[in-house]
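# fold the following for me, if possible:
(2 chains)
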Amino acid sequence: MGNKQTIFTPQQLDAYQVGHSARREAGLFYRYHNLAPQLVPLDYTSKPDVKLPYELIGSMPELKDNPFRQRIAQVFSEDGEGNMTLDDFLDMFSALSEMAPRDLKAYYAFKIYDFNDDDYICKSDLEKTLNKLTRNELTEDEVRMVCEKVIDESDLDNDGRLSLEDFQHMIVRAPDFLSTFHIRI
Amino acid sequence: MLFVTPLLLVTAVGVAAADLYGTEASVRPETAVSAAPPATLSASPAASPYPPEEYAEAGIALARSADAHDPVETTDSGDASHHGGGYKIVQWEWSYVQTPYIIAIWILVASVAKILFHFSQRVTTVVPESCLLILLGLVLGGVVLIASKKQLYQLEPGLFFLFLLPTIVGDAGYFMPSRLFFDNLGTILVYAVVGTLWNAFCTGFSLYGMKLAGIIDEKVEGGMMEFLLFGALISAVDPVAVLAVFEEVHVNETLFIIVFGESLLNDAVTVVLYKVFISFVEVGPGNVQTADYFKGVASFLIVNVGGTLVGLIFAVLLAFVTRFTKRVRIIEPLFIFLLVYLAYLTAELFSLSAILSMTFCGIGCNKYVEANISQKSRTTVKYTMKTLASIAETIIFIFLGISAVDKSKWAWDTGLVSCTLIFIFVFRALGVIGQTWVLNWFRLVPLDKLDQVVMSYGGLRGAVAFALVVLLDGHKVKAKDYFVATTIVVIFFTVMFQGLTIKPLVKWLKVPRSTNSKPTINEEIHERAFDHILAAVEDIAGLNGYHHWRDKWEQFDKNYLSKLLMRKSVYHKGELWEVYQKINIRDAISVIDQGGNVLSSARLSLPSMASRTSFSEVTNVTNYLRENGSGVCLDLQVIDTVSGGKVEEETETHHLLTGNLYKPRRRYHAHYSRHFMTVGDKERQDREVFQRNMRSRLESFKSTRHKAKGRHKKERSQKKRKGSDAKEQEVNGKPRRNVSWQDTDPVTAPVDSPEERSEEEADKDEDVGITFVARKHETLKEPLKERPKSDMLEVYQSLAVIPPSPTCAEKHLPWKGGGGTLPVCVSMETTKIIPIDLQQAWNQSISSLESLASPPVQAEPQHPRVRALSRAEAARGGNSGGSDSGGSGPAQDPRFHFPNEEENGQSLQQQESQPLMSSMKPPAPPQVSSTQGMGRRPPTFNRNPCVYLRSLVSASPPGSEPRSRGPTQL
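Residues are numbered from 1 along each chain as shown, chains lettered A, B, ... in the order given. Sure, this is the predicted structure:
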């Protein structure tokens, strides 16, 4: 991690340490810093509200082919635009860490799917997801068919869209969810 | 399992009996046939009791007995024929063939045993193969022992170190997922060096302590040095055993590479320690001076670093040599085997660490060699290495079992055995926990508890320890027999007991998973989505991030090494074409395997037959396919049991999804497996891609056929296809994943940012053979012309394996302006774009395919129309390309031939662009264009599948092919 010294206020440290050890925290911070060395200061006591513009994250070469890059950034950023503060950045990893509760994960997963932010996964959201996943390979008919099936499968209250409860219920049934939806930092 | 045993026994007895002939009685070779004087009888006593020293010396254990005999027997038979009374019609030449015969029989037994083991799926899932092999060895050893009264076959150190181990190490090194390996190199080194030292010294000292405490029997003579020696040799985790077991327990890849790498590298440490201690023992503990300890440390460093250097030197050499094998492709694999093996032997020659040498030779050369050698050589190397390694492993385990039977080498001491067992286990666990604790401070991805348990428990000992202990000099190390016995027990215990229990243990420790339920569509979609999301987050976190040093190295590699070690064509531009070619070939092979069979078995009439029915709708392939959908023959995941509409629909949906969801870039699996070529996710992805590839090809094929027939039928499926085609055109505006292929703009290389490029290159390291990733990488690197980078950013790279399907080309082509009237047929032409460079290679490879294909159809009387068509084609050939008419477009031969390489590139070019040119002239009477299509296509296609394929791939690049390329050697 180099010999750079990062300075946090104790409160900041406390706040960041939910679900993380300080060491991993520091690792993530350096990562954050490295994404934009010119923007992010190493001394964090004075200028705590730096934002990483989405363009920076979105243009990372590894993310180029990731269909969800924008969505992820949007969901986890406070302003909803994809511009991430350090808090957002750390939150993202907290939510995906192994220790995060399942509900939290489900919530974020739900948010990621919910493209139009209406707290429901409706058909258009699903279609978007599917198109992203398949790179628009499917015809409209096929997409529609799949979406109907998805909703059919998990829509418990028959309102034609998936609420968070529906989604959670479905997640609970999927045994792999917890074991896959986390990253080790 | 039960029915297996008798068979094996029979084989074993057979071997034993055969051997009896050879050694014991040497039962007069000629008995059966000739009545030669029993001269042999006098000879054999002299030969049989070969001096025991030879045991240790002989390189090939099996050859031993034969060596001793050969001279005698030869003169003997000479004698016999001299005065033995005339000409013998048939002779019993056992002595002549004995050695190779026995070796072959052994390998055969081992292989058959493997087959039998895998008959029962249940047994092999529960019991690791290594256990079964050892058991088999025990049985065989017992049989041989009973049959011949003494143990003839032993795992000889010479045999082991010179022949068996190199094959395994070579395989491991060559196919090592190098990226993963270097990512974890620090951890691996710590475990390998520190861990082994810790194990060796702790075990040694503790055993010595036990000895002093009187728990170990007095009979076990030995001072501290002896026990340290023993500790050193028993502490090495064995790559063979570990691989054998870990392969079956599917642990995560980080863990796998750590344990695997550790086991590979710590052998080097062990061997050095062993040598140091042996010299100490020989000198006598009293005479060891302080300086000697430092010498020991120095030699430790030199041996390891030296071994690595030797390996790297050979790697460079090998890569350099393969640069020039273009004209002698056939011996390419040989170079690889020879040089890798020489790396091993050379290191051994200077008493450097041979294992390290070979490993690093393999790792180092892989990238360049793979780029230089031909596809076939690659396959050969892959298979041969796997075969050799697999068989070596089998033999090692069997021999371990056999050697254990020989009681003459045993001396049992319960105290020693149990103490050793306990100590190695405890110290292994302690060592792992301690090191992990330290390492976790530095690792971004810490090793968790489960990993540690698996690592501690996975410390299997194996043949290396055994070979080392057998190598001990019984005169200098008095307790050798005890050590041998203990080693054998330790090996058996770790391989059998731990090997057996590690799988349940891992399962038990993990969150129990429910299985057997088919994933719902929701799950399928969401899991894939999660994969992407996680991949993105991991990327953001930089878990796969760049290292400063890796960047530097890759820069260096790109600028100097690759240029030096890779063939120019490969380095500059060959990559794209070569990968494309690989994929095409593979597809072609598969289509013959899959679709081709269906085509013929479905009683479709071939073109020549079609003449009878004059291309009636029903009989030709296109319509068959169109009516039944491409799924009929090309769908690899065939929907079998369909019960009811809803289920069917669902299955279809699943289908749709598997076919179209794509994997995130990052989640590849770089996995090493000795017994299997890469299976699993990558395979599946490949299949998905293949399916898509073929589907689109087939579709475009269909559409051309349709057009050729005058577009008079509108069937519903056709409509649907059209719909999708149209849709595809709609999206033309957006950059699509396959944009780089069909764009009329020359395919161009984005000038990647350095990191990006190096990143791609790093990715390539993992590719072994034909992989999906490789292509992605090539696509981007193709250095043709500049393209706006913003465009490239959008190009989904990971899906670069794409069917040539109609895209932007249509948009830009002038004749396309005519509107959507011909969307279908237009797409056909663009589909077949392939660089000319490929054709030669394609020609080569197709020739092998043709041997697979159905027997050539006899020249039947051609339907008049066909003949007319071919005439038309000939005429056309004359028209459009001046120099063309010479070699190609033969009027009589309905098969489409590629122009040979000898023909000049110009004509090739001409011919290539013909269809395009003709279709670029809209005023040309429709009649012409349709005949042209017919003239070429049907005879081509229907003759046999591969020819059809060839025609698909070979068709012309649009005139927009930017530079005229001559045929390039691939």
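
# so for the strand or helix carrying B:F201, what's the average pLDDT?
Assigned by DSSP states H and E, B:F201 belongs to helix B:196-213. Average pLDDT, helix B:196-213: 89.

# enumerate the positions of that helix that are buried.
B:196-204, B:206-208, B:210-211 (16 or more other C-beta atoms under 10 Å in any protein chain shown). Using the backbone N, CA and C atoms, a C-beta is placed for each residue, glycine as well.

# give me the contacts around the helix or strand just after it.
Per DSSP H and E, helix B:196-213 leads on to helix B:224-234 as the next helix or strand towards the C-terminus. Contacts to helix B:224-234, defined as C-beta atoms under 8 Å, 6 or more residues apart in numbering or on different chains, come from residues B:199-205, B:207-208, B:211, B:222, B:270, B:273-274, B:277-278, B:280-281, B:285, B:288, B:420, B:424, B:461, B:465, B:468-469, B:472, B:477-479, B:483, B:486-487, B:490.

# kindly recompute the last result at 7 Å.
B:200-201, B:203-204, B:207-208, B:211, B:270, B:273-274, B:277-278, B:280-281, B:285, B:420, B:424, B:461, B:465, B:468-469, B:477, B:479, B:483, B:487, B:490 (C-beta atoms under 7 Å, 6 or more residues apart in numbering or on different chains).

# that one vs helix B:196-213, what angle?
For helix B:224-234 against helix B:196-213, the angle by axes from the mean of the first three to the mean of the last three C-alpha atoms, to 10 degrees is 140 degrees.

# packing partners for the next helix-or-strand element following helix B:224-234?
Downstream of helix B:224-234, the first helix or strand assigned by DSSP H and E is helix B:239-246. Helices and strands touching helix B:239-246, as assessed by 3 or more C-beta pairs under 7 Å, 6 or more residues apart in numbering or on different chains; DSSP states H and E, comprise helix B:129-148, helix B:165-174, helix B:253-283, helix B:375-405.

# ok, which of those helices comes nearest chain A?
helix B:253-283 (9.4 Å; C-beta to the nearest C-beta).

# which parts of the closest one are buried?
B:253-278, B:280-281.

# now swap in stretch B:282-296 and tell me
Quick answer for stretch B:282-296 (16+ other C-beta under 10 Å): B:288, B:296.

# can you give me the end-to-end span of that stretch?
14 Å (C-alpha to C-alpha, to the nearest Å).

# what does that stretch contact?
Against stretch B:282-296 from outside (C-beta under 7 Å, 6+ apart): B:223-225, B:276, B:280, B:476.

# tabulate those residues (TSV), appending distance to B:I363.
Formatted as TSV, those follow (distance: C-beta to C-beta, whole Å):
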residue	distance to B:I363
B:G223	40
B:M224	38
B:M225	35
B:V276	27
B:F280	33
B:K476	37
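
# give me the phi and psi for residue 157.
The chain I'm using is chain A. phi -90, psi 10 (degrees, to the nearest 10).

# give me the number of residues near it?
10 (other C-beta atoms under 10 Å in any protein chain shown).

# relative to helix B:253-283, how tilted is the helix holding B:F201?
Using the same axes, to 10 degrees: helix B:196-213 against helix B:253-283 is 50 degrees.

# give me the residues contacting helix B:196-213.
So helix B:196-213 is contacted by B:216, B:220, B:224, B:227-228, B:230-232, B:234-236, B:266, B:269-270, B:273, B:415, B:419-420, B:423-424, B:427-428, B:431 (C-beta under 7 Å, 6+ apart).

# residues contacting B:I257?
B:177, B:180-181, B:184.

# try 6 Å this time
Contact analysis of B:I257 by C-beta atoms under 6 Å, 6 or more residues apart in numbering or on different chains lists B:180-181, B:184.

# closest one of these to chain A?
Looking across these and measuring by C-beta to the nearest C-beta, the closest to chain A is B:N184, at 14.0 Å.

# separation between that closest one and A:S163?
44 Å (C-beta to C-beta, to the nearest Å).

# the strands in chain A, which residues?
Assigned by DSSP state E, chain A shows strands spanning A:51-52, A:84-85.

# to chain B, which of these lies closest?
Of the strands of chain A, the one closest to chain B (C-beta to the nearest C-beta) turns out to be strand A:84-85, at 8.8 Å.

# tell me if the closest one is near chain B.
No: on the criterion C-beta under 6 Å from any C-beta of the partner chain, strand A:84-85 is out of touch with chain B, staying 8.8 Å away.

# show me the domain layout of chain A.
What the TED database lists as the domains of chain A is A:20-96, A:102-184.

# these into JSON lines, with extra columns for mean pLDDT and distance to B:I355?
Formatted as JSON lines, the domains of chain A follow (pLDDT from 0 to 100; distance: least, C-beta to C-beta, whole Å):
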{"stretch": "domain A:20-96", "mean pLDDT": "71", "distance to B:I355": "34"}
{"stretch": "domain A:102-184", "mean pLDDT": "75", "distance to B:I355": "31"}
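
# okay but B:G401 is in contact with B:L138, surely?
Yes: B:G401 lies in contact with B:L138 (C-beta atoms under 6 Å); the separation is 4.2 Å.

# which of these two has more neighbours?
Comparing B:G401 with B:L138 by other C-beta under 10 Å, the one with more neighbours is B:G401, at 24 against 18.

# for B:Q435, what are its contacts?
B:190, B:195.

# just give the number of residues close to the residue lying closest to A:H169 once chain neighbours are set aside.
Nearest non-adjacent residue to A:H169, counting by C-beta to C-beta, 6 or more residues apart in numbering or on different chains: A:L156, 6.4 Å away. Using other C-beta under 10 Å, A:L156 is surrounded by 11 other residues.

# from B:V310, how far off is A:L156?
67 Å.

# now B:L229
26 Å.

# ok, B:W92 next?
47 Å.

# from the buried residues of helix B:196-213, which two are the most distant?
B:T196 and B:K211 (22.1 Å; C-beta to C-beta).

# list the buried residues for stretch A:154-162?
Neighbour count says stretch A:154-162 has A:154-155, A:161-162 buried, by 16+ other C-beta under 10 Å.

# sitting in helices, which of these do you find?
A:S154 (DSSP state H).

# could you dump the buried residues of stretch A:154-162 into CSV and include distance to chain B?
Compiled in CSV, these are given as follows (distance: C-beta to the nearest C-beta, whole Å):
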residue, distance to chain B
A:S154, 5
A:D155, 10
A:R161, 14
A:L162, 9
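
# could you check the pLDDT of the closest residue to B:I391 other than its chain neighbours?
Distance criterion C-beta to C-beta, 6+ apart; nearest residue to B:I391, sequence neighbours excluded, is B:I107 at 5.9 Å. Per-residue pLDDT puts B:I107 at 86.

# near chain A, which residues of the stretch 51-200 of chain B are found?
Close to chain A, as judged by C-beta under 6 Å from any C-beta, the stretch 51-200 of chain B has no residues.

# helices of the stretch 51-200 of chain B, start to end?
With helices called from DSSP state H, counting those that start in this stretch, the stretch 51-200 of chain B shows them at B:53-57, B:61-83, B:94-119, B:121-126, B:129-148, B:157-159, B:165-174, B:178-183, B:185-189, B:196-213.

# other SSEs contacting the shortest one?
So the one you mean is helix B:157-159. helix B:463-471 (3 or more C-beta pairs under 6 Å, 6 or more residues apart in numbering or on different chains; DSSP states H and E).

# same question, the fifth one
Taking 3+ C-beta pairs under 6 Å, 6+ apart as the contact definition, the neighbouring helices and strands of helix B:129-148 are helix B:4-22, helix B:375-405.

# try 8 Å this time
Judged by 3 or more C-beta pairs under 8 Å, 6 or more residues apart in numbering or on different chains; DSSP states H and E, helix B:129-148 is in contact with helix B:4-22, helix B:94-119, helix B:239-246, helix B:375-405, helix B:499-509.
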